[in-house]
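Trainee: just coords:
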């Protein structure tokens with residue numbers, strides 16, 4: 001047992017990160033992060049080092065492109081290398097009755113609306129706050 005360095009009753013930073021990110025309120029943000037960083041390697045450190053959702057995506061190699069509106073149903077027909085879309089991530093926020101879709105593209109961009117970007121930035125800030133607790 002000489003190799004046991006951590007108290008089994010104490011949650012590691014990575015375990016805490018995974019636990020907080022898996023909460024219902026972060027479901028949409030988690031879907032986006034899973035699409036842009038499927039292995040999750042270094043995600044906890046990147047979140048700690050970023051000051052905004054956009055900065056986090058940049059750190060993961062993606063830049064945000066904003067568009068006025070996204071027609072989710074139309075986007076599904078463009079999924080694949082030919083259409084340029086790697087993932088369509090529809091998200092509906094029930095409390096605000098808002099549709100907040102995000103597209104992850106093959107050209108290392110994330111296409112979203114200004115309202116969606118602001119919403120996910122707010123979730124990012126809330127995630128960072130909960131990780132500090």
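Mentor: Now that the structure is in, tell me what you want to look at. Everything numeric in this text was worked out from a predicted model, so none of it was measured.
Trainee: helices or strands up against the helix ranked longest in the chain?
Mentor: Counting by DSSP state H, the longest helix found in the chain is helix 114-132. Other helices and strands packing on helix 114-132, by 3 or more Cβ pairs under 8 Å, 6 or more residues apart in numbering; DSSP states H and E, are helix 13-21, helix 27-36, helix 43-49, helix 53-59, strand 63-66. To be clear about C-beta, it is placed using only N, CA and C from the backbone, and glycine gets the same treatment.
Trainee: and that helix with helix 13-21, angle?
Mentor: If you take axes from the mean of the first three to the mean of the last three Cα atoms, to 10 degrees, helix 114-132 sits at 130 degrees to helix 13-21.
Trainee: for the protein, what are the low-confidence residue spans?
Mentor: 1-11, 40-41 (pLDDT under 70).
Trainee: if we go to 80?
Mentor: 1-11, 38-41, 133 (pLDDT under 80).
Trainee: one step back: and the helices and strands packed on helix 114-132: which comes nearest residue 130?
Mentor: Closest approach to residue 130 among those is made by helix 13-21 (5.0 Å; Cβ to Cβ).
Trainee: thought residue 57 was touching residue 63?
Mentor: Yes - contact status for residue 57 versus residue 63: in contact at 6.9 Å, counting by Cβ atoms under 8 Å.
Trainee: residues shared between the contacts of the two?
Mentor: Here residue 57 and residue 63 share the contacting residues residue 110, scored by Cβ atoms under 8 Å, 6 or more residues apart in numbering.
Trainee: Make a markdown table out of the helices and strands packed on helix 114-132 and add mean neighbour count and distance to residue 92.
Mentor: Shown next, in a markdown table, are these (neighbours: other Cβ atoms under 10 Å; distance: least, Cβ to Cβ, whole Å):
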| stretch | mean neighbour count | distance to residue 92 |
| --- | --- | --- |
| helix 13-21 | 15 | 19 |
| helix 27-36 | 19 | 9 |
| helix 43-49 | 16 | 24 |
| helix 53-59 | 20 | 18 |
| strand 63-66 | 14 | 19 |
